[in-house]
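>>> Sharing a model prediction with you, sequence too.
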Amino acid sequence: PITASRALRGERGVAAELVERVKRAADQLGYVPDPAARALASQRSTQVPVLVPLLSNALFVDVLEAVHRTLLPHGYQPMIGVTHYEPQEEEQLLRSYLAHRPAGLLLTGFDRTEAARQMVAASGVPCVYLMELTQAPNVYCVGFSQTDAGHAITEHLVQRGRQRIAFVAAQLDPRTLQRAEGYRRCLREHGLYDARLELLSPQPSSMRLGGELLEDLLRTRPEVDAVFFCNDDLAQGGLLTALRLGVDVPGRIAVAGFNDLSGSDQMVPPLTTVRTPRKAMGEASAQMLLGLMRGEVPVRNSVDLGFEMMVRGSS
């Protein structure tokens, strides 16, 4: 029974041939392990809650896919929680998940309620944070500098000779605001910053909204010669609207996005953007968490995966 249990848990100490026999017998019997009983007997859960803001954004779907593929072979079951960018909603999810004594946690960013922070700290559950970086001691994270990426795409537009560069953003979550800070820092370095060229909407990011915001920008700030959209879906909507209105891109106005989402390289013209390491982020964060769950101390508590500029025809 002990060997069969280890085989079903995916422990590496059981021979592959024996694992296959046990799984084949379980399939024939229709046997499904009881995770609650397993956790009670072993004092160890196999559940790993992964909390992300949205499932409608391909960015987070790609991360979740990589997390799933990394954790599952080791016998851990990711449990997806969606926070909708609401700290109170995340706090409620954490309260529910931590009551089941999960094996580990994967959380997006560092913006949460004080009660949520205290719950995570008091639980003793290994936790890795995604998307953002910190050098704070005993905090484990995998991501890249959103601020540096925002600076880099803005610098690209400046080097292309653009002088009146707008920043168009939606959702206004912490990572979007970090990109905005990179945009501001770059333009201040060149003496080009103008707060009137920021167009910030709290609405959810979408192609439709991107088109509406570009129309608004062209109507109210006609001097603009470049736009940095905080996310590719906004930028894609902006490019489609420019095409419909007969606005020359990049002749009249350059357009840049962020995240290099699916379809950006197929736009007319193809979209200049920042490619973010979504798959690598999911894999690296899950691998770091696996080590923490085994009681290992990571070599680095903060892993910067960087980003890549994708310069295409829109700039």
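Structure's in. What do you need?
>>> before we move on, which element is V50 in?
Of the helices and strands defined by DSSP states H and E, V50 is found in strand 47-52.
>>> Check which element follows that strand along the chain.
Defined by DSSP H and E, the subsequent element after strand 47-52 is helix 58-71.
>>> Give the rounded mean pLDDT of that following helix.
Helix 58-71 shows a mean pLDDT of 95 in the predicted model.
>>> Where do the strands of the chain begin and end?
Secondary structure of the chain, counting by DSSP state E: strands at 47-52, 77-82, 105-108, 127-131, 140-143, 165-169, 198-200, 226-229, 254-256, 273-275, 302-304, 308-310.
>>> Give me the below-cutoff pLDDT ranges for the stretch 1-150 of the chain.
9-12, 32-44 (pLDDT under 70).
>>> List the buried residues of the strand holding V50.
Applying a neighbour-count criterion of 16 or more other C-beta atoms under 10 Å, the buried positions in strand 47-52 are 47-52. Glycine gets a C-beta too; all of them are placed from N, C-alpha and C.
>>> Output these in JSON lines; the columns should cover distance to L240.
Below are the buried residues of strand 47-52 laid out as JSON lines (distance: C-beta to C-beta, whole Å):
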{"residue": "Q47", "distance to L240": "42"}
{"residue": "V48", "distance to L240": "39"}
{"residue": "P49", "distance to L240": "37"}
{"residue": "V50", "distance to L240": "33"}
{"residue": "L51", "distance to L240": "33"}
{"residue": "V52", "distance to L240": "27"}
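>>> and of the residues you listed, the nearest to T113?
L51 (12.9 Å; C-beta to C-beta).
>>> is it true that that closest one touches L107?
Yes - between L51 and L107 a contact is recorded at 5.2 Å, counting by C-beta atoms under 8 Å.
>>> Between these two, which contacts overlap?
Shared contacts of L51 and L107, defined by C-beta atoms under 8 Å, 6 or more residues apart in numbering, comprise E90.
>>> Pull up the per-residue confidence for the nearest residue to R184 once chain neighbours are set aside.
Distances taken as C-beta to C-beta, 6 or more residues apart in numbering place Y193 nearest to R184, at 5.8 Å, with adjacent residues excluded. At Y193, the model reports a pLDDT of 98.
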